[in-house]
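1. Quick one, what's the 3D model for this:
(one chain, ligands or ions: 1)
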Amino acid sequence: MRALTVIGNWKMNGSVRSNRDWMHLVIEDMQQGMPAGRRFGVCVPFPYLQDCSAHLAGSQLLLGAQDVSAYASGAYTGEVSASMLEEMGVRFVIVGHSERRMQYGEANESIALKAEQALDHELIPIICVGETADERNSGRAVEVVRRQVASQVSTLQDRLVDCLIAYEPIWAIGTGKVASAQMAQDMHQAIRLQLAEFDDDVASHIGIIYGGSVRADNATELFAMPDIDGALVGGASLDAKEFLAICRS
Ligand code: PEP
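-> Now for the predicted structure:
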């Protein structure tokens, strides 16, 4: 049985004060009891990791980061290594978010190296894949996502089972245009079938979560789909009450 996983991605938002208010509200609410068999996390900007780690300790909310270096240590100015994240109590790390692929030229190969670094330090990489609007409109969505997934398979092999894949259609991120539950399910199923060509065990155990304008009012329908194992939530995760409503969906 795959755990339903809901992860918030604050992106480049927040302040020490507002983060603490958010965490206080979410932790207190989660203490009232949460549905069984679920995992919850929040990916915060690097400078807030230490403070968030201290506040989240002992709570049901796991700490995540939004990126990690493809290298272990050394002369990589501005980079943050997986061992540093591990030291901060980080459990999840996003790799290959479309904003990093598009704005910082991240390629499949370096994304796989980042995931490898994360795995070496007991972090769960959340590997993002997804197509643009043009790619979907020209009927190439599955082909594009298959290529992104294939690249991860070729580097990570059966270590992929310890990762999460986030299917995030780029046209749905931050746009309010959520993929229909059936459209998301179809892509998740295509990813699982692709993974089964490699290894049945990886295919049946890996968590594949959906991201792209998830809100409390569309989460229930998405989570009801057999191949959707949770969500990566951007904008809506900034609002503690909305995030909690998604976690309870
Ligand atoms: C994201 O940034 O990963 C994301 C899914 O954003 P949003 O929920 O705002 O579309």
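2. What segments of the chain are helices?
-> Remark: helices assigned in the chain by DSSP state H are 16-30, 49-56, 82-87, 98-103, 108-120, 133-137, 141-156, 181-198, 200-205, 216-223, 240-247.
3. pLDDT averaged over the fifth one, what's the number?
-> The average pLDDT for helix 108-120 rounds to 98.
4. if we can go back for a sec, among the helices of the chain, which comes closest to the ligand?
-> Relative to the ligand, the nearest member of the helices of the chain by C-beta to the nearest ligand atom is helix 98-103, separated by 6.8 Å. (Glycine included, C-beta is placed from N, CA and C.)
5. Please point out which parts of that closest one sit buried.
-> 98, 99, 100, 101 (16 or more other C-beta atoms under 10 Å).
6. Next: stretch 7-16.
-> 7, 8, 9, 10, 11, 14.
7. Just the closest of these to residue 198, please.
-> The nearest member of the buried residues of stretch 7-16 to residue 198, counting by C-beta to C-beta, is residue 7 at 24.6 Å.
8. Contact partners for residue 40?
-> Neighbouring residues of residue 40 by C-beta atoms under 8 Å, 6 or more residues apart in numbering: 5, 6, 7, 30, 34, 60, 61, 62, 247.
9. Who does it form a beta bridge with?
-> With DSSP bridges applied, residue 40 shows beta-bridge pairing to residue 6, residue 61.
10. So for it, what's the pLDDT?
-> In this model, residue 40 is scored at 98, pLDDT.
11. Likewise for residue 177?
-> For residue 177, pLDDT reads 89.
12. List the contacts of it.
-> Residue 177 makes contact with 171, 212, 213, according to C-beta under 8 Å, 6+ apart.
13. Tell me the spacing between the residue lying closest to the second one once chain neighbours are set aside and the ligand.
-> Right, the one you point to is residue 212. Leaving aside its chain neighbours, residue 212 sits nearest to residue 172 (2.8 Å; criterion: C-beta to C-beta, 6 or more residues apart in numbering). For residue 172, the distance to the ligand equals 6 Å [C-beta to the nearest ligand atom, to the nearest Å].
14. tell me, how many neighbours does residue 172 end up with?
-> For residue 172, the count of nearby residues is 22 (other C-beta atoms under 10 Å).
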